[in-house]
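>>> next input, structure requested:
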Amino acid sequence: MMSALGVGARRDAPLRFILALLFAALLLTLALAHPSPQTITVGAPGDAYFLTNFYPAESDGGGPYRWSAPGARLLLPAAHQGPVALTMRLRGAAFAPPQDLRLSLARPDMPGIAFGADTGWRIYHVLLSPGGRDSPFGDQAPLDLIIPSASPGPADPRPLGAALSRVDLRYLGPAPLGPPLMRALLIAWALGVIGWAAGRVGRSTLRPYAAAIIGAGLALWAWRDPGGFAWAVPDPPLWLLIAGTVLALTPLPPLPLRRERGGRSRMIWQVGLLLAGNLALLLPLPWRGLGALIVLGLPGWLAARALFPDEGDPLTRTFLGLCGAISIAPLLTLALHAIPGPLPTWLLLLTTDLLSAAMIGAAPHAPFLLSFGGFAAKTQQKNTLLILLIAVGVALRLTLLGGAEFQGDEARAMLLAVGVAQGDDGILLTHTKGPVEALLPAGPLILAGSGVEWVARLPFALAGVGLLLGVVVLARELSSTSSQRPASEPHSPLILHLSSFILHPSSFIALALLATDGFALGFSRIVQYQSVVLLTSAGAFWACWRFYAGAAWPARHLISAAVLLAVGLLAHYDAAMVAPSLACLVIAGGVRRGWRAREWLAGLGVPALAGGLLLASFYLPYITGPSFADTAAYLAGRAGQGDAGGPPFNNLPLYFNILSFYNAPPLVPILAIALAASLLLLPLAPGAIPLALWFGVPFLAESFLIAEPRTHFYSAHPAAALIIGMGVAWLLSRPSSPRLLAVSRWSFIALGTLWLAASLGYAQLLYLRQRPEYERSFPAARPATLRASYGDQLPEAGYFGFPHNDGWKAAAELYRSGVISGSYDTNQNRWLVGWYMRQMPRCAERPDYYLIAEAEATRYFPPGYSLLGEVTVGPTRALAIYSRAPVTGPPQLFAAEGLAAAFDARPVEPFPAAAILADTPRVECAP
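This is a model prediction of the structure:
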């Protein structure tokens, strides 16, 4: 009887799930159509989501406020299209002429509402007419605040409008139901896709209840906080919903763990991929850059498959393929860069194609396609959960990868890449670190002339994806239990047990931690060395671990580890932090294999020679070059040999504060406690010694030995994720009673879901939302619930990977089209501006134009210059153009979006990259 009821419940589950989604959509529609009143405290943390083009917050006896700048706007929820009662507390500028104390409110469909503004604080009530809030800026509709600007005087040259301290919104009825209904249906559809996919890894009978509860929660949020819901929950794109629905409804085929295609079929696929990459080079920009990345990455990918044909599961093979692709591509470019003169496109293309063809011929029998499957339903569910977690990590790293302009250090790497492409033989020797971060984007520049952001960042994002796969693979290897160990094999804290499978709980925990880790995520979204260091460290650890485990062909594993470590060191010196762990594994592996002196010499000689030659190829001329003295002084200062006084230091408070910005502040103490507890349990786990070294060496060095560690703690995070995963998995396996075991696991699932939701919400707030720019507008963009120990003042450290767009592509296009011409100066980073402006002369003394990034803290209002125009990015005025020549007429507005597309469609032409890096004065700027 109970069985029949269970079958019936499962049969009716889809219908009940759909009804629950419709119920959620109904509640959400009502909440969007009839929201509760909203109050915006202007100048308080979090106000940046509801206004734009205002100056930073100030305060007086009456509380915080902001002065409006030209183009000031309020951002109202667009779903509610009924009448709105708007109440504002504001005051006009006492220094403005009396005739200018008049404020107008305007939107495209509404006649302007004008009224006088008093110079004292007053309350103003305005009734906004219904309808017409269709917005090009997502789910927020702009309301322009127009008032003539005036400057307080020479000490404060800002053009100020009105001071605004509070905005109250009361949504009146009746309101049209069409817009809120459409928004509610889209959100319910997205909820359905997520719920259907989640049902594959849990009980599908729980989906209706979960959908109803989540839908009710969203409706309550939309009703209580309509403005916050409008900016935090965007409408999902229709194409994404359709694609997600197709994927969610597609059943996973019951394939065996290893599925090998015939040799001819595999070769056809590989040759086809090679041809596709070459043909993609004929596409227009920026897509031509994708073809260049395929061509450049294929030799290393195929080499990894040829070296390790017996590694069976798809995650391991993909992980190794990415290690090979990210490692071989910069090494090829570095080798060809040694040839004097510019690097010809045909030479790099011919070299990569010949190597790919050789790799295809070298391993014609290597399995090409592997998949999960062929196991019980419970195992299939775990496979689905694993795929979903990987998909989350991939989406966080690839979504809007080109949405932000290059930051300063990224632009420096791109300028170095241009120097490589142009044949500047010594340009890499001027860098303060290894050359890999410049060599990876140099390849697409040479093959396709592509310098667009997403193409340059994609290799680093793929390195971040490879790290996620590597952590899963390593967690599988490290999480063996004594029951899985052959009886003849004694326990060892180093031992590898191949009988463990990919579905150990620690795999999911480590993957979830690293997928949403702010350091790993942020560094995967920039043209910087960190993600390469993390990937090569994980790859070298895997190779040494397999060597210790007694894998066949030990020379292949040791040479691979040496090459990966060398590539990591060619990226940055941080890669040396993993070396003690690798040495531990190699020594223990040699002892376990019973090597004698001759075998030690033969076994380690070739790997040491390979790694040494790779390092010497760059670092020998680097150390003997003229720029190394400056680099050595810089590194000595960072290490504490200058004014810092020498070790030991205490950088733990700094680390905690930085970690609390890159990750959701409430979660960081929980992670710290979990790590500390897991470290206490670590001696009980296999792999304790090498894992402790991998985590402990960088953590202790950055905490106590380095004077300025900044974000360099990142190199300890993969090992920390593995340690926490193993600790939590150990705790979950402790209950002996089936009931206690079930309770503990369901509690973990509930808490883990909440933790993952909080991490994802914070990650999209920091990295995916392009407006407001969280880090640059902090604390104005910080929701009140996310206050950390550092308060409203960020700790002094590097901040990487965050949205950053000042409209420099538009400025370059305005130069190219002749709208502006002549010299310029700016308040922005010289490398960033030099990358985008290229040929344009930058002059510090009396330039023809000042290009002022309005989001910079050092905003400048040049005396004697007139405002020619401003570049807008979305609803925000991002870049002000001041002209030395008199300007007739009102300032012009230039939308960045169309101009940026034109910039990306043009190849990078030769320009003096070395002079920009060295900040050499231009001839045009001579007095």
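
>>> now the helices for the stretch 651-800 of the chain?
Ranges of helices within the stretch 651-800 of the chain are 652-662, 668-681, 688-700, 717-732, 738-763, based on DSSP state H, counting those that start in this stretch.

>>> buried stuff in the first one?
For helix 652-662, a neighbour-count test (16 or more other Cβ atoms under 10 Å) marks Leu654, Tyr655, Phe656, Asn657, Ile658, Leu659, Ser660, Phe661, Tyr662 as buried. Every residue, glycine included, has its C-beta placed from N, CA and C.

>>> Ala362 versus the third one, what's the distance?
To tie it back to what came earlier, the one meant is Phe656. When distance is defined by Cβ to Cβ, to the nearest Å, Phe656 is 50 Å away from Ala362.

>>> sorry, back to before: got the helices of the stretch 651-800 of the chain as CSV, with mean pLDDT columns?
Converted to CSV, the helices of the stretch 651-800 of the chain look like this (pLDDT from 0 to 100):
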stretch, mean pLDDT
helix 652-662, 93
helix 668-681, 91
helix 688-700, 93
helix 717-732, 90
helix 738-763, 81
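
>>> most tightly packed of the ones you listed?
When the helices of the stretch 651-800 of the chain are scored by mean count of other Cβ atoms under 10 Å, the highest mean neighbour count falls to helix 717-732 (a mean of 24).

>>> that older thread, which stretch among the helices of the stretch 651-800 of the chain comes nearest Glu775?
Go through these one by one with Cβ to Cβ and the one that ends up closest to Glu775 is helix 652-662, at 8.0 Å.

>>> ok, and what's touching the closest one?
Where contact means Cβ atoms under 8 Å, 6 or more residues apart in numbering, the residues beyond helix 652-662 that reach it are 517-519, 522, 668, 672, 702-703, 709-711, 713, 766, 775, 788-790, 794-795, 797, 799.

>>> which residues touch Ile18?
Taking Cβ under 8 Å, 6+ apart as the definition of contact, the neighbours of Ile18 are Gly192.

>>> any idea how far Gly195 is from it?
Using Cβ to Cβ, one gets 10 Å for the distance from Ile18 to Gly195.

>>> so after the lengthiest strand in the chain, what's the next helix or strand?
Ordering each strand of the chain by length in residues (DSSP state E) puts strand 63-77 first. For strand 63-77, the succeeding helix or strand toward the C-terminus, using DSSP states H and E, is strand 84-92.

>>> contacts for that next one next, please.
Looking at what lies outside strand 84-92 - Cβ under 8 Å, 6+ apart - the contacts are 76, 101, 103, 105, 117-128, 143, 147, 162-172.

>>> in helices, which of those residues fall?
When DSSP state H is applied, the contacts of strand 84-92 are split such that none fall in helices.

>>> what comes up buried for stretch 49-62?
By neighbour count on 16+ other Cβ under 10 Å, the buried set for stretch 49-62 is Tyr49, Phe50, Leu51, Thr52, Asn53, Phe54, Tyr55, Ala57.

>>> restrict that stretch to CA atoms and write it as PDB.
Backbone C-alpha positions of stretch 49-62 (Å, rounded to 0.1, in the frame of the first residue of the first chain) are rendered in PDB as follows:
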ATOM      1  CA  TYR A  49      21.500  50.800  -6.500                       C
ATOM      2  CA  PHE A  50      18.800  53.400  -6.500                       C
ATOM      3  CA  LEU A  51      20.500  56.500  -7.900                       C
ATOM      4  CA  THR A  52      23.300  57.400 -10.300                       C
ATOM      5  CA  ASN A  53      25.400  60.400 -11.200                       C
ATOM      6  CA  PHE A  54      25.600  61.700  -7.700                       C
ATOM      7  CA  TYR A  55      28.700  62.800  -5.800                       C
ATOM      8  CA  PRO A  56      30.000  60.800  -2.800                       C
ATOM      9  CA  ALA A  57      28.100  61.000   0.400                       C
ATOM     10  CA  GLU A  58      28.600  63.800   2.800                       C
ATOM     11  CA  SER A  59      27.000  64.500   6.200                       C
ATOM     12  CA  ASP A  60      25.800  67.300   8.400                       C
ATOM     13  CA  GLY A  61      23.800  67.500  11.600                       C
ATOM     14  CA  GLY A  62      20.700  66.100   9.800                       C
END
